[in-house]
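**Q** model the following, please.
(chains A and B)
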Amino acid sequence: MAFGPFLLLALMEGLVTAAVLALAAAGLSLVFGVMRVVNVAHGEFYMLGAVLAWAITTMVPGPPALAFLAAAVIAPLVVAALAAAADGLILKRLNYDPEATIVATIGLLYIIQQAALSLYGPNAYPVTAPFEWRIQFPWFGYSGYKLFVVLAAGIVLLALWLFMTRTKAGLIMRATQVDRITAQTFGVNVDRVYMGTFALGAGLAALAGVLVVPISQAQYLMGHDPLLLSFIVVIIGGLGSLRGTLIAALVIGLSDGVISMFFTPTLAKILATLLVAMVLVFRPQGLFGAKV
Amino acid sequence: MRVWALHLTLLAVLFSAQFWLSPYHATNLARIMVLAVFAMGYNLAFGYTGLLSLGHALLLAAGMYAAGLPAQLWGWNAGPTFIAGVAGGALVAAALGLLALRTAGVSFMIVTLMFAQAGYLTLLYFAPVTGGDDGFAIAASSRTLMGFDLSTDTPRFLAALTIFAAGLLASLILVRSPFGRTMVAMRENEERSRMLGYNPFSVKLTALTISGLYAGAAGAAYAILFGYVGASFATIQYSILPMLYVLLGGAGTTLGPFLGALLMFALIEAATRITTAHQFIVGAALVVLILFAPKGILGTIRERWARWLP
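**A** Model prediction:
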């Protein structure tokens, strides 16, 4: 294959990564923006989404498309409920202290990972894609499902943006983000906003997990990379900014696709993590500019 | 006075342990003491100076590889190898500090996490030299010191105890010194310390470098005493472990790291008889500690009953 088509393939792979990443990172960014909580267990919600998708598609009979649809609806809801419970039982009692919540979510990460290992096992299982068709380019064929993932992620992010900017609930969330105390004096139930935000963030991660599972199988350790990449995207994109998250996801996803294709995935990750550390050190206003 | 008595009693008990413990448990205790050195270093940064780092695995691995690579490539013996490990840990900590200490709080946690992750991936990237996740074994010739074979039970135990004792007493002296008080001042109120004429950056950098020195010593000791070096020691897991030990034993107490390491080891050992889910125990311990006992065991004892505990 010549260089041009090869680059096109790398870019398309990168676009799929970017789409999944944008969903997961939007959840992380939302939680950090509104609650000021760095959720280290975010990758595990993503993993739970994928594992639940496997469980649901094996239980629901009928055509793969229907089973997958059921998974895409049920898995994020289950994960969101779980996150809401974790918020009420743990994070709320810590008064959302930034450092304490990080330690607690690390604990949560271990608990969820062990639960998945004990109940689901160490093996990776595939999930059938809801439909099978390939787009034939002159040089190579490309999975139609992957393009569907990009489309679906775009629609969900658009819906999220409309929710945040056009609805009362979104307004309340943004108000809480700007000033928790003032929002409270105006009668906003901050506890409920926080619980809802945490659930929504986890649900987005789970949805990303569901979407990715027909491409890359479900496994209990799969939350690791998305967590790291989501961190990177959120930090580069800027605090709580959906637009920034989207742009950063595109940049990171595409460059990850290209660098992984032409060099090695490990090198791509080294460069990305170093980039983020340097952004935080030299341009802290990027994400943590306001005193945390 | 009673502070010194308490610490020396602990060391005496540990010394006698080799006579009444089975070889299996004595080896485990040696391992715990080495990991406790790592945790003591973490405690100096986190417990005393208030630097919550999520990247100490990088410093452990720095010591481990700074000791392991010369042994592997050039056949150095245990003495210079250990010194190289200590220096490696301190140097990497100083470099990390120069960059990461420009940030604070949550950013500091993430920056250290990212640097540690980059370090781990770098070890994987250079797998032909570092052995990657599989690591490599240290040759027996590099594990002797002044004629003693450190891979046998008694010399290994005594070597671990010596390093542990040196680390413990040094940290006791350090935290009771004027500089130790300055470290605590940084933790309690950085702004006010600055007003009083202290330079927060240099105090924190020194504390982090000392912390790295401990981590490097622990990494090098682990490589020499247990004969194995691997990238798995650079994973986030090994950044969380010292934090867990310190939180359990009591942050900002000299004996907390050892107590935490000992109890956590015992807890996991006891739990493996019932279940294989020891990750669950680590996770649950973290959540329970941060929720109900953020001061840890010795921290709580100090607060309630024994104000004199260092």
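**Q** tell me the pLDDT at the closest residue to B:Ala93 other than its chain neighbours?
**A** Distances taken as C-beta to C-beta, 6 or more residues apart in numbering or on different chains place B:Gly212 nearest to B:Ala93, at 2.1 Å, with adjacent residues excluded. C-beta coordinates here come from the backbone N, C-alpha and C atoms, glycine included. On pLDDT, B:Gly212 comes in at 95.
**Q** what do you get for the one 3 residues further on?
**A** On pLDDT, B:Ala215 comes in at 95.
**Q** next: the one 10 residues further on.
**A** We note a pLDDT of 88 for B:Leu225 in this prediction.
**Q** what's the burial count for the nearest residue to A:Pro138 once chain neighbours are set aside?
**A** Closest residue to A:Pro138 apart from its sequence neighbours, by C-beta to C-beta, 6+ apart: A:Pro5 at 7.8 Å. Counted with other C-beta atoms under 10 Å in any protein chain shown, the neighbours of A:Pro5 add up to 13.
**Q** next: A:Phe140.
**A** Here the number of neighbours of A:Phe140 (other C-beta under 10 Å) works out to 14.
**Q** could I get the pLDDT score of the nearest residue to it once chain neighbours are set aside?
**A** Closest residue in space to A:Phe140, ignoring its immediate chain neighbours: A:Leu9 at 6.2 Å, by C-beta to C-beta, 6+ apart. Per-residue pLDDT puts A:Leu9 at 84.
**Q** give me the neighbour count for A:Leu9.
**A** The tally of other residues near A:Leu9 (other C-beta under 10 Å) stands at 17.
**Q** B:Leu44 too?
**A** The number of residues packed near B:Leu44 is 30, by other C-beta under 10 Å.
**Q** now the phi/psi pair for the residue nearest to it when sequence neighbours are not counted, please.
**A** Distances taken as C-beta to C-beta, 6+ apart put B:Ser211 closest to B:Leu44, at 4.8 Å, once the chain neighbours are dropped. Main-chain torsions, B:Ser211, degrees, to the nearest 10: phi -60, psi -40.
**Q** can you pull the contacts of B:Ser211?
**A** Taking C-beta atoms under 8 Å, 6 or more residues apart in numbering or on different chains, we find B:Ser211 in contact with B:41-42, B:44-45, B:51, B:53, B:56, B:59, B:93.
**Q** count the residues that sit near the nearest residue to B:Pro23 once chain neighbours are set aside.
**A** Excluding its sequence neighbours, the residue lying closest to B:Pro23 (C-beta to C-beta, 6+ apart) is B:Asp153, at 5.4 Å. Around B:Asp153 there are 13 other residues, counting by other C-beta under 10 Å.
**Q** now do the nearest residue to B:Pro310 once chain neighbours are set aside against chain A, distance only.
**A** Counting by C-beta to C-beta, 6+ apart, B:Thr254 is the residue found nearest to B:Pro310 once chain neighbours are left out, at 4.9 Å. Per C-beta to the nearest C-beta, to the nearest Å, B:Thr254 is found 22 Å from chain A.
**Q** what sits against B:His136?
**A** In this structure residue B:136 is Phe, not His. Contacts of B:Phe136 by C-beta under 8 Å, 6+ apart are B:68, B:72, B:228-230.
**Q** for it, give me phi and psi.
**A** When read as degrees, to the nearest 10, the backbone of B:Phe136 gives phi -150, psi 160.
**Q** go on, A:Tyr220?
**A** Dihedral angles of A:Tyr220 (phi, psi; degrees, to the nearest 10) stand at phi -70, psi -20.
**Q** contacting residues around it?
**A** By C-beta under 8 Å, 6+ apart, the contact set of A:Tyr220 is A:47, A:51, A:113, A:116-117, A:120-122.
**Q** how near is the spatially closest residue to B:Leu291 that is not a sequence neighbour to A:Leu28?
**A** Leaving aside its sequence neighbours, B:Leu291 sits nearest to A:Arg93 (C-beta to C-beta, 6+ apart; 5.9 Å). According to C-beta to C-beta, to the nearest Å, A:Arg93 and A:Leu28 sit 22 Å apart.
**Q** so between those two, which is more surrounded?
**A** Per other C-beta under 10 Å, whichever of A:Arg93 and A:Leu28 has more neighbours is A:Leu28, with 29 against 14.
**Q** so what's the more buried one up against?
**A** A:39, A:42, A:201, A:205, A:230-231, A:234.
**Q** ok, 7 Å please
**A** Residues near A:Leu28 by C-beta atoms under 7 Å, 6 or more residues apart in numbering or on different chains: A:39, A:42, A:201, A:230, A:234.
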